[in-house]
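Asker: starting from these lines, generate the structure:
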Amino acid sequence: MTCALPSFRTPPTVPLPVPGGDDDARCLGVDIGGTTIKYAVVDPVRGTTVGPVRRVPTPAPATPAAVVAALRGVLAGLEDAPELDRPLTGVGVGVPAIIDHGIARSAAHLDDSWIGADARELLATGLGRQVAVLNDADAAGLAEVRFGAARDARGTVLVITLGTGIGSALFLDGELIPNSEFGHVWLDGRDVDGWAGASARTVEALDWPTYTDRLQRYLSHLERLISPDLIVLGGGISERHQEFLPHLRLRARVAPAQLRNAAGIVGAGRQAHLGAEQAGRLTGIR
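Answerer: Numbering: from 1, shown residues only. A predicted model of the protein is given here:
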């Protein structure tokens with residue numbers, strides 16, 4: 001059973017498109033996380049979700065076969081969804097892994113059997129349609145750069161997603177440098193993924209000042225490494241950015257993600273749309 005995420009804010013409502021052409025495009029955006037798979041129908045031209053953001057549990061273990069089965073269920077459940085009033089033109093999936101030309105080179109919060117697998121081919125075959133696959137944080141970053149807090153930003157932009165772990169997306173003058181993986185740098189002898197991710201605050205029952213101190217140390221470390229001009233903080237915790245963001249002291253400008261926790265979904269949907277355009281598939285598939 002699927003349900004809307006009550007804590008999620010959808011991007012701003014926009015006027016309905018004029019029928020015909022790319023403005024009518026609808027893609028499915030999927031964001032596979034360590035605990036939940038979030039998804040929604042996406043308007044990839046305007047950068048908005050259409051209808052609610054829904055979720056299902058991430059399978060445990062999250063093997064390729066189990067994830068494919070979960071996504072089949074997602075597609076089946078959307079058949080009668082009121083927001084899907086036209087054929088999907090593509091499916092985009094963000095995964096917590098390094099994606100190298102479709103091949104998974106790592107598996108953070110997924111089963112290790114993903115490593116070395118052709119994720120793009122595996123999902124395309126399992127779902128029976130063309131699929132765009134990319135790193136989940138890269139998907140969120142693409143959405144923020146195209147539609148959100150980093151729109152029109154020049155220089156070095158770092159998008160950090162804080163969730164079960166930490167994801168990162170790095171941009172130079174609007175161009176993505178994929179698979180940056182700054183969520184797995186070592187600081188004080190530990191991988192920061194489990195130490196400064198949003199889940200650490202819950203698991204360790206950290207108060208906001210203590211968690212903010214961790215985030216400050218982590219972001220200061222990244223600032224020394226790459227000197228970003230802008231840092232965008234996203235993930236589920238961005239809904240409460242007022243609790244920590246004003247207390248950070250960094251040289252870079254820091255902003256909350258405008259698309260909040262829907263950024264990865266919108267970015268994945270946008271990537272699917274671009275892939276469909278390139279392949280000339282905008283006649284629609286379902």
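
Asker: all strands in the stretch 51-200 of the chain, in order from the N-terminus.
Answerer: Secondary structure of the stretch 51-200 of the chain (DSSP state E, counting those that start in this stretch): strands at 90-95, 99-100, 103-104, 131-135, 156-162, 166-172, 175-177, 186-187, 190-191.

Asker: from residue 268, how far off is residue 247?
Answerer: Distance check for residue 247 against residue 268: by CB to CB, to the nearest Å, it reads 32 Å. Bear in mind the C-beta positions are built from the backbone N, C-alpha and C, glycine included.

Asker: try residue 72
Answerer: 17 Å.

Asker: looking at it, residue 160 is touching residue 180, isn't it?
Answerer: No. Using CB atoms under 8 Å, residue 160 makes no contact with residue 180, being 10.0 Å away.

Asker: same drill for those two, tell me which one is more crowded.
Answerer: Between residue 160 and residue 180, counted using other CB atoms under 10 Å, residue 160 has the larger neighbour count: 27 against 21.

Asker: beta partners of the more buried one?
Answerer: Taking DSSP bridges as the rule, residue 160 bridges to residue 168, residue 233.

Asker: any idea of the pLDDT on it?
Answerer: You'll see residue 160 listed with a pLDDT of 98.

Asker: of all the strands of the stretch 51-200 of the chain, which one is nearest residue 80?
Answerer: Nearest to residue 80 among the strands of the stretch 51-200 of the chain is strand 90-95 (17.8 Å), distances taken as CB to CB.

Asker: next, the angle strand 166-172 makes with the closest one.
Answerer: Orientation note: strand 90-95 sits at an angle of 120 degrees relative to strand 166-172 (axes from the mean of the first three to the mean of the last three CA atoms, to 10 degrees).

Asker: residue 72 and residue 268: who's more crowded?
Answerer: residue 268 (37 against 13).

Asker: let me know the average pLDDT across the host helix or strand of that one.
Answerer: Using DSSP states H and E, residue 268 maps to helix 263-279. In this model, helix 263-279 has a mean pLDDT of 93.

Asker: okay, the angle between that helix and strand 90-95?
Answerer: If you take the same axes, to 10 degrees, helix 263-279 sits at 130 degrees to strand 90-95.

Asker: buried residues in helix 263-279?
Answerer: By neighbour count on 16 or more other CB atoms under 10 Å, the buried set for helix 263-279 is 263-276.

Asker: now for those residues: which two are most distant?
Answerer: Every pair of the buried residues of helix 263-279 checked by CB to CB; the farthest is 263 and 276, at 20.4 Å.

Asker: just the C-alphas of stretch 222-236, formatted as PDB.
Answerer: Taking C-alpha atoms only, stretch 222-236 is exported to PDB below (Å, rounded to 0.1, in the frame of the first residue of the first chain):
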ATOM      1  CA  LEU A 222      34.700  20.000   2.800                       C
ATOM      2  CA  GLU A 223      35.200  23.700   2.500                       C
ATOM      3  CA  ARG A 224      38.900  23.200   3.100                       C
ATOM      4  CA  LEU A 225      39.000  20.600   0.300                       C
ATOM      5  CA  ILE A 226      37.000  22.200  -2.500                       C
ATOM      6  CA  SER A 227      36.200  25.900  -1.500                       C
ATOM      7  CA  PRO A 228      32.600  25.900  -2.800                       C
ATOM      8  CA  ASP A 229      30.900  29.200  -3.600                       C
ATOM      9  CA  LEU A 230      27.500  27.800  -2.600                       C
ATOM     10  CA  ILE A 231      26.400  24.800  -0.400                       C
ATOM     11  CA  VAL A 232      22.900  23.600  -0.700                       C
ATOM     12  CA  LEU A 233      21.600  21.300   2.100                       C
ATOM     13  CA  GLY A 234      18.900  18.900   1.200                       C
ATOM     14  CA  GLY A 235      17.400  15.600   2.300                       C
ATOM     15  CA  GLY A 236      14.500  15.100   4.700                       C
END
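
Asker: where does the chain have low pLDDT?
Answerer: 1-22, 279-286 (pLDDT under 70).

Asker: could you pull out the helices for it?
Answerer: Assigned by DSSP state H, the chain shows helices spanning 64-78, 119-127, 136-147, 193-196, 198-203, 208-226, 263-279.

Asker: residues making contact with the longest one?
Answerer: Under the criterion CB atoms under 8 Å, 6 or more residues apart in numbering, residues 156, 158, 160, 162, 166, 170, 182, 185, 187, 192, 195-196, 200-201, 206, 228, 231, 243-244, 247-252, 254 lie in contact with helix 208-226.
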